[in-house]
Structures are given as structure tokens and as C-alpha cells.
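structure for the following, please:
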Amino acid sequence: MFRHWTTAVMAAVVACRAAQASSLPPGTKCVSLGANPQDCQYEGGYVCSSVAFNPDPIVGQGSMGYCHLPNASFDAVLQAADAIAADPSASTALRGSFDALTINPDGSASVVGWAVDPNAAGGGRPAVTVAVEADGKVIWTGLADVSRPGLVTHHVAPDPNHGVTATIPASMITATGLRTGNHTVTFGGWLVSDPHHTTPPETLGKTFCVTNGAVDQWCGGPPVPVTWACCNTRSDGVKPAPVPPIVPAEYPHPPSTRPPPGKASVVLFLTDDQDLMLGSLHVMNRTKSLLKDGGAYFENFFVTTPICCPSRTSLLSGRWAHNSGAVATTPAGWCAVGKYWQGPMQNKSLPNYVRAAGVTTGIFGKETNANTATYISPGWDRFFVLGGSSEGHYYSDWFSDQGTLFTANDTSYMTDLIQENALAWIKGAVAKDEQFFAYIAPHAPHTRATPPTWARSYFEGEVAPRAPSWNKSLADHHWLVRSQPPMTDLCASHSDQLYRNRLQALLGVDALVGAVADTLLEAGRLDSTYILYTSDHGFHLGEMSMPYFKGQPYDTDIRVPFMIRGPGITPGSVVSSIGLNVDIAPTIAGLFNTVPFADSLVDGHSLLPLVFGPAPAWRKDFVFEFWAGGKGVARGPYCDHAMMAVNNTYAGVRTLDGLKYVDFRPYEDIEEAFNTTADPFEMHNLIEDPAAQEWVTQLRARLAVLRNCSLDECW
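Down below sits the predicted model:
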């Protein structure tokens, strides 16, 4: 009896041993990572487990062994199966099972149960289960049990050589993109005894231990969590088949002269959490072709508050957060549905004075934070806006669709929905020969950064850029930085996985930008449309030992991409002057030959003189600011690092030539100063450096002027 009970368990252990063998690339290794299966989630390789369970009313008592491949295409599963099946060190049972993991001629896939005798003494019988997950949800599952037809959920057939077979239908493989999609695939089997059969008491409620890929012993005592053994192939192991790169579209350059009044339209793309300094823009071939090659690129563009809602309200209002009152991401911080924004400020914001000029307006995607399903922000003719509680999701999201709740299904990808609604509205405006302003704000690449299905095989094996400050502890910085422990290998792998997900999600944004450009080109409106692209703030990924987030005063978080193309703008031009998010509203107003309302009290300045010329005298510095709300800590099996703290509240000044001064007082008695030209990742705090005292004193005095500035005082 013991032999039959342990067959499946041994198979799971051998899976890790087989992965360690020479049939897989050098460097593959098996490690024990404890009792949490998510410990292996970001390793990209095999996860094998074993467990014994108590009597169950359906399946009785038994033991289970199975393998789990996170973030893999089914082709990668097949490669793993081939390697194990060919490995002489694997057991006959295991090799037989994996050998039968195949794609069939009709396009279906088969997974075979463990090779154990269904008529074994003790009533044991083999079974096999397969589950395929996408975005944390099971999208297909199959169960085969040779002696209980009632348990079969999909077509199965007994296999005299191996046990039982579960078949994944070809239609499901096609519908889910299983062959090439980036899914989590779990397959394996268990040996169960009949519920009415008596099982030796020494096997009940005990978990079989797997440590470092080897069987140790039966664990005594009450049931304990499953013990997992991970075979790490993240860096050089089994990978999906290569995917062809996206070929950049080539768009005609815009005309050299501006259109007559009443003929120009504007599209603004606003991404969420997109960095500039870590290189995320380099994967967006269509966007770069359309906007960077075909327009003007601002190499010194910044946000004034590096967190979602305050930055977005500053963009829409043209005002620093200390003037708009929208200082934090929650209603308590007076942002989104807060009393200062939703009402007096919002009524004077960008879409209102653009619409007053006779332009039809539409917003698609994320507006601020905490939007409700029944609210329509003033100034918008078309309103398709992400609901606050949907932030961080990419499927099953809800939107305010003209003030009516719209809930997406679990197969509708957020960026695709935004694209679908934006294109339909743009086509309608074009058909009516209207001037339009489209504000298109995808949630990507905001964490979780779930990518579209078709993009999940890109960037396998890439890691976040190893900047000079990556995983460095810096003792002379403010508390949130100097308190960071070094990232563990597991934490770093989690940060790297997020980096890959962000790039994949941005491929979806790139496709969105391309789809809008293609629609305008086909309609003959690309030549008369201005297109702007930016992000609400930057992002860090491992710099200063901070695994991921935003909200810091460093250039990784406050520096963002900004590009603009359209008639009269020189293709491929570069603007070196400082541009800010508060400048975007008056810029768009100028493109429509109008100005903000007099009582809008806009702090920013139109960027149009910088792109149309002649270049005027321009700001040489600016103030940035941040208010932290509470303390958030990222905990779990990956990282135990503080992401935010109350004393991460500050104001600072940055100059065009790269000098920066930051004051955290009175929340923390510390100042920071950096020369970002010599030290772009701000590792060396110069606040006490004798050679820096002259400019530190000047910037300290400048901050005293700018900290509460308004209108031209901010200039």
C-alpha cells in the first residue's frame, strides 16, 4: 500500500531531479523555497509539489503530485516534457506521463495521468488534472478519473500504458492563446483510494516532505501546508518560442504649416506610471515613429507631484497641487472626488474652456482616482472613465459610461476597451467634420501591469536596468531610502518580472497609439491633428533598494516622456527647455486658438513657442512637491520593503542644468542636494559638501519663493 501511495509523490520529486539533469541548460537547479507556492511564482520554471490529504466525500484519501509552470506558453511546457521524457534518471512512470504531453494532429492537447496500476491493492486509482490560468483566473480545467466517469469534466479516454488521458480541446487552445500565450499551466495526477476503503491510519493527514528536491520522510502531526520544490530555469532554462518583433509603422511627416482656425484637432495620450530613465519608451516602436521621429521630443520634461491623482489634476487644471488643493490620491487628500477638485476647480479645467471654444471633447480611460459609476466630470461630451475600485485590474473592470455603470467581462482587456470606445467616438467626430479633443488615458503600465495576451511572450529573460543605484543602500538619504534593506534574490526577481510585465503592457499602449494614428490617416485627418504623449509620473524598479513604486523626489520618479507632433512642428526636433505637466492645459488651449478661463488661474505656460518658434526666454528651474498619506508596506513572499511613509513629504527645486535641492522638514529633519548631471541616479547627497554650499544656499532660498507660488510667481 505504501508503494502505491507514494508513487505520485515520488514522481513530483523526480520532476525536479529531472529538471536538474543534463537535458536542460547548464545552471538549472532545484531549490526548496518553503511552504508557499507563490515563492516560485516569478522564477519562470518548474514547481513540483506533493501532499497527502484526509478523507474527502468525493475523492477519498490519497496523495497528490503535480508540476506547475508559471508564466509559460504551452510550447514551453512541451519542451519541458520532452526534456524529462528523454532523461534516463527519471522514473518510468514520470517519463511515460510527460512523454504523453502532446499537441495532437487536430490541434488539441493531451495530458496523461501517472503510470500506476488502477487495479492496485488497496483500491488506488490514477487520475490526472490540468488547469490553465490567465491573469489569476482558471480559463480551462480538465479532470480525468479512470474509475469515476461522473468526475470527468472534459473528454477523456483510458490509456492502457499510462493510466488516463485528459484532452484540452483545440478550440480552447485557440481561444485562450494557449500555444503562445503567457499562462500558468498546472498538470499532474493523484492516486486516491475509494472513500469506502479503509486506509492505513499512519498515512492519514500527513504531508510528504520535499526538501532540496529529495524525499525526506513522512511529516508527523496534523496536516501542514504543501511543501514546494522549485526548479529554477528563469535565467537560462526553457523559454517559449521566439516571437517576431513588432515592426514599426512609418507615418508621413506632418505639413510644415499650421491649419487655419477651426480645423485642428488634438489627441492626448496619458499613460500611468511610465518611466523615462529606465528605458520603457524603447519598446514602443509605433509611438516613437509617429511622435519622436515625426514630431518634437522634450528631453527635460517633468511632473510637479509624482503620484497619480495630484499629477493628473495638475495636468487638467494647469496648477501646482499646492494651488489646486488636490494633494493626495484619496478623497481625504482632496483629490478626485474631494471638495476642492470636484466642483470649483474641475469646472474651470481644460475640457471646459476647450468645449467653450466649440470643440467636441471625449475622455477614455483613467481620469483621476476614485471615480464613481454615476458621475460625469464637467466639460466632457463623451465620458468613458475607469472606476476607482478597478485601478490595478486589467480585466473585469468597471467604467462610468456616460454616467451609467459598465462592467467588462473577464476576457475584455482594459486597453482594448479604451481603444474600442475612443476609435468609435473619433470616427463619429470625423464623420461630422468636427474639431475634437480626445483625452486617451490607458491604465498601463500601472502595477499589476497585466499585459495583453498576445504580448506575453516578449522580453523573456530580460531584467530591470541595473542602474548604478540599483539595490544600493544609501545611508545619507531620507528615512524611506536609508531604511531599505538590500533586495533578496527573490525580491529582485519579483521586481524584474514587474519590469517585463510593464514592457509587455506598454506594447498594448503602442498598439493603441498606432490604431488611433491609422484611423486618422485613413480618414485624412492625421495632417490636421496634434498628438501629444506623456505619463502622469515616472517609476523606480530597484534603485536605492526600493523594489518598485513612485513618489520619490528623484528623476526616476519626476521625469517623464513628452512628445508632440502636428502641422508646423519640425519632425525629429529636440527641445531642451524645461517642460512641466502644468504646461499641457494651456498648450492644448493654444492649439485650439483659445486660452484658459480668466478665473482658471493657470500656473503653467503654453509650450507652443518652444515648438513653433522663435524660442522665448524660458524658466530655468521649477518646484516639485509631495504629500505622503499614511504608511504603506509591501510584504509577502517577495519583498519586505517600505513603499511609503508619512515623513516622505517634501518640496524641492530642480534646475535646467541638473542641480537639485530637497527639503523634508518638518516631517523629517533632513535635506538632500544632488548634481544630477554628474550623478544622474542621485546616490551622493551633497548637502554637507563644502564645494556645493554656494548653490545649495541659492536653491534653499529659491524654494522659499516657489513653495507657495502662484501664476507668474512660479516662473
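
show me the strands in the stretch 601-715 of the chain, by range?
621-626, 632-634, 641-644, 650-655, 659-663, 671-675 (DSSP state E, counting those that start in this stretch).

want to throw those into a markdown table with mean neighbour count, distance to H393 and mean pLDDT?
In this view, the C-beta of every residue, glycine as well, is placed from N, C-alpha and C. Below are the strands of the stretch 601-715 of the chain laid out as a markdown table (neighbours: other C-beta atoms under 10 Å; distance: least, C-beta to C-beta, whole Å; pLDDT from 0 to 100):
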| stretch | mean neighbour count | distance to H393 | mean pLDDT |
| --- | --- | --- | --- |
| strand 621-626 | 22 | 26 | 97 |
| strand 632-634 | 14 | 18 | 49 |
| strand 641-644 | 20 | 19 | 86 |
| strand 650-655 | 23 | 31 | 98 |
| strand 659-663 | 24 | 34 | 98 |
| strand 671-675 | 22 | 36 | 98 |
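
just put these in TSV and tack on distance to D527.
What follows is these, written out as TSV (distance: least, C-beta to C-beta, whole Å):
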stretch	distance to D527
strand 621-626	34
strand 632-634	47
strand 641-644	45
strand 650-655	37
strand 659-663	41
strand 671-675	43
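
wait, which of those strands is closest to S483?
Closest of these to S483 is strand 641-644, at 6.3 Å (criterion: C-beta to C-beta).

which strands or helices does that closest one pack on?
Packing partners of strand 641-644 (3 or more C-beta pairs under 8 Å, 6 or more residues apart in numbering; DSSP states H and E): strand 632-634.

switch to 10 Å and redo it
On a contact count with 3 or more C-beta pairs under 10 Å, 6 or more residues apart in numbering; DSSP states H and E, strand 641-644 meets helix 479-482, strand 632-634.

compare the strands of the stretch 601-715 of the chain and give me the one nearest L386.
Of these, nearest to L386 by C-beta to C-beta is strand 632-634, at 21.3 Å.

one step back: of the strands of the stretch 601-715 of the chain, which is nearest M345?
strand 621-626 (16.8 Å).

what strands flank that closest one, and is each parallel or antiparallel?
strand 650-655 (antiparallel) (DSSP bridges).

what is the orientation angle of the strand it pairs with with strand 659-663?
Counting by axes from the mean of the first three to the mean of the last three C-alpha atoms, to 10 degrees, strand 650-655 lies at 170 degrees to strand 659-663.

and the helix ranked longest in the chain, which residues are buried?
As assigned by DSSP state H, the longest helix anywhere in the chain is helix 489-522. Neighbour counts over helix 489-522 (16 or more other C-beta atoms under 10 Å) mark 490-521 as buried.

what's the answer for stretch 587-599, then?
587-592, 594, 596.

which of those sit farthest apart?
Spatial extent of the buried residues of stretch 587-599 (C-beta to C-beta) is set by the pair L591 and P596 at 12.9 Å.

overlap of the contact sets of the two?
354, 606 (C-beta atoms under 10 Å, 6 or more residues apart in numbering).

surely N647 meets R482?
No - counting by C-beta atoms under 10 Å, N647 does not reach R482; the two are 11.5 Å apart.

who's more crowded, the two?
N647 (17 against 14; other C-beta atoms under 10 Å).

quick check, pLDDT for the more buried one.
In this model, N647 is scored at 87, pLDDT.

flag the shaky bits of the stretch 201-350 of the chain, pLDDT-wise.
For the stretch 201-350 of the chain, residues meeting the criterion pLDDT under 70 lie at 201-248, 329-340, 343.

what stretches of the stretch 601-715 of the chain score poorly on pLDDT?
Looking at the stretch 601-715 of the chain by pLDDT under 70, you get 629-638.

now do the helices in it.
Using DSSP state H, counting those that start in this stretch, the helices of the stretch 601-715 of the chain run over 608-612, 693-706.

highest mean neighbour count out of the ones you listed?
helix 608-612 (a mean of 19; mean count of other C-beta atoms under 10 Å).

neighbouring contacts of it?
258, 295-296, 298, 530, 564-566, 568-570, 573, 575-579, 583, 586-591, 606, 615-618.

grab the nearest non-local neighbour of D476.
Distances taken as C-beta to C-beta, 6 or more residues apart in numbering place N685 nearest to D476, at 4.3 Å, with adjacent residues excluded.

look up the closest residue to I588, ignoring the ones flanking it.
With C-beta to C-beta, 6+ apart, the residue lying closest to I588 is V266, at 5.5 Å.

pretty sure the one you found is in a strand, no?
Yes - with DSSP: H, G, I helix; E, B strand; the rest coil as the criterion, V266 is part of a strand.

and it, how many residues sit next to it?
23.

next one: the one 4 residues further on
Neighbouring residues of L270 were enumerated by other C-beta under 10 Å; the total is 25.

same deal with H393?
Here the count is done by other C-beta under 10 Å, and H393 has 18 residues near it.

quick check: it vs G590, distance?
Separation of H393 from G590 (C-beta to C-beta, to the nearest Å): 36 Å.

that older thread, looking at the strands of the stretch 601-715 of the chain, which is nearest to H540?
strand 641-644 (10.4 Å).

shared neighbours of N647 and R482, which are they?
Joint contacts of N647 and R482 (C-beta under 10 Å, 6+ apart) are I670.
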